[in-house]
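Chemist: Show me how the following folds:
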Amino acid sequence: MKIRFADAEALEVEPGISLAAAADRAGTNYSHICRGHGRCGLCIATIGNGIENLTPPNEAEARVLRILNATPNQRLACSTLVNGDVECRF
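Modeler: Coordinates of the predicted model:
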């Protein structure tokens, strides 16, 4: 499966990888200070295509997304696992 980031070429990844780990592999520039614990909200990603290929938000991610007034197509990269092709941007 492939993940395409707005500022990088498509990356072939294994199922179950987080968006953050894939972004690190792709060399994508995004911010995060909570070290992937889903608390800071800086790794918010906007999903262009493939949102159905992501795991649903867990309780902690959903809380942060509500605080951030995120749109339905936004997710925290550190908390979101990928199970199919996805396009996103930070």
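
Chemist: Every contact and neighbour count from this point should use C-alpha atoms.
Modeler: OK.

Chemist: Check the model's average confidence along the top strand by length along the chain for me.
Modeler: In the chain, taking DSSP state E as the definition, the longest strand is strand 44-49. Averaged across strand 44-49, the pLDDT comes to 96.

Chemist: in its sheet, what does it sit against?
Modeler: Using DSSP bridges, strand 44-49 pairs in its sheet with strand 74-76 (antiparallel), strand 86-89 (antiparallel).

Chemist: which stretches of this structure form helices?
Modeler: Under the criterion DSSP state H, the chain contains helices at 19-26, 59-67.

Chemist: Against which helices or strands is the shortest one packed?
Modeler: Translated: helix 19-26. Under the contact criterion of 3 or more CA pairs under 8 Å, 6 or more residues apart in numbering; DSSP states H and E, helix 19-26 touches no helix or strand at all.

Chemist: Name the residues of that helix that come out as buried.
Modeler: Judged by neighbour count (16 or more other CA atoms under 10 Å), helix 19-26 contains these buried residues: 19, 20, 21, 22, 23, 26.

Chemist: cool, and stretch 59-72?
Modeler: 61, 62, 64, 65, 70.
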